[in-house]
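Chemist: need coordinates for the following:
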Amino acid sequence: MSYQNIYDRARTHPSKTAIIYNGNVISYAALEQAISGTIDYLKMQGLTEGQTVVVRISILADCWVAVLALQALGLNTVCVNSLTGIKSLSLRNVEGILTSDIEAGIDPLEPYEGTEGKIMSIPHPNYSSKGSLQPPASNGVTKTGGHILYTSGTTGTYKKVFLDAERQQQRNAERIEAYKHYQADTFYHCSDFGLWTGVGYKKPLYVWQMGGCVILEQRPNWPQYFLQSGMTNTILIPDKVKELLKFLEERDLNKPLEDCYFLVASGFISNKLAGQLRDRVSDYLENIYGSTEINVPILRSSVENPEDLHWMVSSGFRAVEIVDEEGNICPLDVEGELRVRFTELDSSSYLDDPKTTDKVFKSGYFHPGDMAVRRSDGRIRILGRSADVINIDGQKRSVAPLEHDIQQTLGVDAVCLFSGLGSDDEVELLVAIESEHWPEKSDMNNLVREFAPFGQARFARMSKFPRTRTGTSKIDRIALRKLLFPVH
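Modeler: Below is the predicted model of the structure:
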């Protein structure tokens with residue numbers, strides 16, 4: 001169905017820009033020709049409709065061509081950004097692995113168990129609009145293929161969400177209705193988000209369904225091209241925000257994206273970064289909270305008021321509740337677990353994982369695994385993962401508010417707070433900070449005194465915390481904890 005959308009646009013608006021990849025303009029007609037040419041090539045590979053093909057193509061424009069071609073032939077797709085990622089997904093019904101001729105010589109693939117050694121490489125797509133436009137032929141294909149998205153969050157274990165073609169179309173329609181900022185004249189900057197991420201896969205599909213343009217950027221010094229792209233809409237993760245602000249500060253640039261609808265997602269930015277965004281980038285900025293499983297943003301907040309940056313309002317697209325362990329609604333100002341009412345558009349199961357499905361999708365609600373609290377004006381604050389709690393003086397405390405306060409006090413990039421057994425087998429609080437330099441010693445001593453009633457505290461500094469590999473670069477708390485605590 002996605003290829004059909006591209007074809008329809010190529011027929012009605014052939015010269016309209018569909019993709020700008022690293023500055024190269026690809027029209028809808030050229031994109032359609034690239035996909036149809038790849039379909040012709042793949043027909044000769046003896047692929048079986050309904051099976052899954054793993055796509056390992058790092059050039060994003062080429063990866064999209066391969067995925068849309070495979071789906072048009074009735075195959076399901078899943079994309080990975082590394083060879084190690086293939087095994088960790090524990091996939092079934094995998095017929096083969098697809099790469100490109102360019103990358104096959106640089107990064108040779110190894111057979112994946114169950115694929116019978118089928119490794120394919122496609123020629124570099126021909127992005128030419130000179131050929132004649134032929135109606136997509138069914139070639140005996142009875143059903144358009146779907147796509148497998150996966151997310152690890154901070155758990156380290158992948159959860160796989162399968163989106164069949166019909167559901168993708170329905171979800172696209174809902175997103176078009178929800179995102180009024182996206183229209184046929186949209187130039188959406190998707191940065192270097194790969195198709196293994198929710199943002200990298202879902203956003204381009206509905207932009208193309210509306211006839212807009214997707215900007216993909218994988219060149220070094222990306223902030224320079226980012227600012228020159230002419231985009232109308234974009235989304236960045238906190239790490240990218242820091243890189244962009246550093247670039248703007250070095251060149252003393254202010255408000256270059258004033259007319260761009262700018263979202264920050266996949267993590268919360270500090271008040272300091274929010275202020276810099278307002279000063280350097282644009283007044284029209286939003287922080288959003290969502291998930292791969294739920295089709296649209298759940299919570300959002302404007303960065304105009306720093307005091308409310310982390311107190312978010314419902315987007316209005318899903319009912320949001322905060323409940324206790326028995327499933328009862330928590331009173332105001334009482335911490336509980338966040339749950340979201342899902343609709344028929346949201347996935348109700350994880351692929352090949354009934355145990356996690358039963359835990360996360362319950363009685364018509366999706367449980368993302370986050371703790372939250374609601375205050376009297378209805379605003380909600382995410383307090384961190386339900387597993388990310390520390391025991392202070394016999395009471396469990398969510399770490400997110402504490403980490404935020406410590407980050408503000410020390411002026412560092414990120415903070416993770418852990419409780420556990422130290423080298424002397426005594427319970428300790430460990431403040432892990434992500435920073436190129438140690439903070440002021442007086443500030444750290446003040447924090448130690450504050451924690452004194454709850455036991456000993458120590459600090460650990462890293463220039464860069466380990467991140468998850470799903471593309472959104474969340475802090476991998478499991479890996480970080482293993483690095484910081486001795487093994488007993």
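Chemist: from memory Glu32 sits against Asn5, does it?
Modeler: No: in this structure Glu32 lies outside contact range of Asn5 using CB atoms under 8 Å: 10.2 Å. Glycine gets a C-beta too; all of them are placed from N, C-alpha and C.
Chemist: residues contacting Phe317?
Modeler: By CB atoms under 8 Å, 6 or more residues apart in numbering, the contact set of Phe317 is Ala178, Val296, Pro297, Ile298.
Chemist: which stretches of the stretch 201-350 of the chain form helices?
Modeler: With helices called from DSSP state H, counting those that start in this stretch, the stretch 201-350 of the chain shows them at 222-228, 238-250, 271-280.
Chemist: looking at those, which is nearest to Leu149?
Modeler: helix 238-250 (20.3 Å; CB to CB).
Chemist: let me know the angle separating that closest one from helix 271-280.
Modeler: 50 degrees (axes from the mean of the first three to the mean of the last three CA atoms, to 10 degrees).
Chemist: avg pLDDT for helix 238-250?
Modeler: For helix 238-250, mean pLDDT is 87.
Chemist: tell me how far it is from the chain's mean position?
Modeler: On the basis of CA atoms, centre = their mean, to the nearest Å, helix 238-250 sits 19 Å off its chain's mean C-alpha point.
Chemist: check which helices and strands it is in contact with.
Modeler: Judged by 3 or more CB pairs under 8 Å, 6 or more residues apart in numbering; DSSP states H and E, the packing partners of helix 238-250 are helix 222-228, helix 271-280.
Chemist: check which residues of it are buried.
Modeler: Pro238, Asp239, Lys240, Val241, Lys242, Leu244, Leu245, Phe247, Leu248 (16 or more other CB atoms under 10 Å).
Chemist: stretch 39-55 too?
Modeler: In stretch 39-55, counting by 16+ other CB under 10 Å, buried: Ile39, Leu42, Leu47, Gln51, Thr52, Val53, Val54, Val55.
Chemist: now, which of these sits nearest Lys202?
Modeler: Of the buried residues of stretch 39-55, the one sitting nearest to Lys202 (CB to CB) turns out to be Val55, at 16.2 Å.
Chemist: confidence score at the closest one?
Modeler: pLDDT, read off for Val55, is 94.
Chemist: same question for the one 5 residues further on.
Modeler: Leu60 is assigned a predicted lDDT (pLDDT) of 96.
Chemist: got phi/psi on it?
Modeler: For Leu60, the backbone dihedrals (degrees, to the nearest 10) come out as phi -60, psi -40.
Chemist: please apply the same query to Asn172.
Modeler: phi -60, psi -40.
Chemist: now Leu484: closest residue in space, sequence neighbours ignored.
Modeler: Nearest residue to Leu484, sequence neighbours excluded (CB to CB, 6 or more residues apart in numbering): Ala460, at 5.3 Å.
Chemist: what secondary structure does the one you found sit in?
Modeler: strand (DSSP: H, G, I helix; E, B strand; the rest coil).
Chemist: show me the beta-bridge partners of it.
Modeler: With DSSP bridges applied, Ala460 shows beta-bridge pairing to Ala432.
Chemist: what's the neighbour count on it?
Modeler: 14 (other CB atoms under 10 Å).
Chemist: ok, the one 5 residues further on next?
Modeler: If you count neighbours by other CB under 10 Å, Phe465 ends up with 20.
Chemist: gap between it and Leu236?
Modeler: Phe465 is 18 Å from Leu236, where distance means CB to CB, to the nearest Å.
Chemist: hmm, back to that, put together a markdown table for the contacts of Phe317, with neighbour count, pLDDT and distance to Lys355 on each row.
Modeler: Listed next are the contacts of Phe317 as a markdown table, based on neighbours: other CB atoms under 10 Å; pLDDT from 0 to 100; distance: CB to CB, whole Å:
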| residue | neighbour count | pLDDT | distance to Lys355 |
| --- | --- | --- | --- |
| Ala178 | 16 | 78 | 32 |
| Val296 | 20 | 88 | 27 |
| Pro297 | 22 | 87 | 28 |
| Ile298 | 24 | 90 | 24 |
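Chemist: closest to Gly275 among these?
Modeler: Taking CB to CB as the measure, Gly275 sits nearest to Pro297 out of the contacts of Phe317, at 22.7 Å.
Chemist: check the closest residue to Leu277 other than its chain neighbours and give its pLDDT.
Modeler: Leaving aside its sequence neighbours, Leu277 sits nearest to Leu285 (CB to CB, 6+ apart; 5.5 Å). Here the pLDDT value assigned to Leu285 is 79.
Chemist: verify the stated contact: Leu285 with Cys260.
Modeler: No: the criterion here is CB under 8 Å, and Leu285 misses it with Cys260 at 9.3 Å.
Chemist: for the stretch 151-300 of the chain, what spans make up the strands?
Modeler: Listed in chain order, the strands of the stretch 151-300 of the chain (DSSP state E, counting those that start in this stretch) span residues 159-163, 187-189, 213-216, 233-236, 261-264, 285-289, 299-302.
Chemist: make that the stretch 301-450 of the chain, sorry
Modeler: Under DSSP E, counting those that start in this stretch, the stretch 301-450 of the chain gives strands at 313-314, 320-323, 336-341, 361-362, 365-366, 370-374, 380-385, 389-392, 395-398, 414-421, 427-434.
Chemist: which residues does the fourth one contact?
Modeler: Applying CB under 8 Å, 6+ apart, the set of residues contacting strand 361-362 from outside is Phe342, Ser347, Ser348, Ser349, His367.
Chemist: so, low pLDDT: which residues of the stretch 1-150 of the chain?
Modeler: Under the criterion pLDDT under 70, the flagged ranges of the stretch 1-150 of the chain are 1, 83-85, 105-117, 131-142.
Chemist: ranges for the helices of it?
Modeler: Taking DSSP H, counting those that start in this stretch as the criterion, the stretch 1-150 of the chain carries its helices at 2-12, 28-42, 60-72, 83-88, 101-104.
Chemist: so which of the ones you listed is nearest Ile406?
Modeler: helix 83-88 (32.4 Å).
Chemist: that older thread, could I get the strands of the stretch 301-450 of the chain as TSV with distance to Asp476?
Modeler: As requested, the strands of the stretch 301-450 of the chain are exported to TSV (distance: least, CB to CB, whole Å):
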stretch	distance to Asp476
strand 313-314	29
strand 320-323	26
strand 336-341	21
strand 361-362	25
strand 365-366	23
strand 370-374	17
strand 380-385	12
strand 389-392	18
strand 395-398	19
strand 414-421	10
strand 427-434	12
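Chemist: I'd like those strands laid out as CSV, including mean pLDDT.
Modeler: As requested, those are arranged in CSV below (pLDDT from 0 to 100):
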stretch, mean pLDDT
strand 313-314, 90
strand 320-323, 95
strand 336-341, 92
strand 361-362, 90
strand 365-366, 93
strand 370-374, 86
strand 380-385, 78
strand 389-392, 60
strand 395-398, 58
strand 414-421, 76
strand 427-434, 82
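Chemist: export these to TSV and tack on mean neighbour count?
Modeler: Output for those, formatted as TSV (neighbours: other CB atoms under 10 Å):
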stretch	mean neighbour count
strand 313-314	16
strand 320-323	19
strand 336-341	21
strand 361-362	15
strand 365-366	20
strand 370-374	23
strand 380-385	22
strand 389-392	16
strand 395-398	15
strand 414-421	19
strand 427-434	20
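Chemist: can you check which of those gets nearest to Glu174?
Modeler: Of the strands of the stretch 301-450 of the chain, nearest to Glu174 by CB to CB is strand 336-341, at 14.5 Å.
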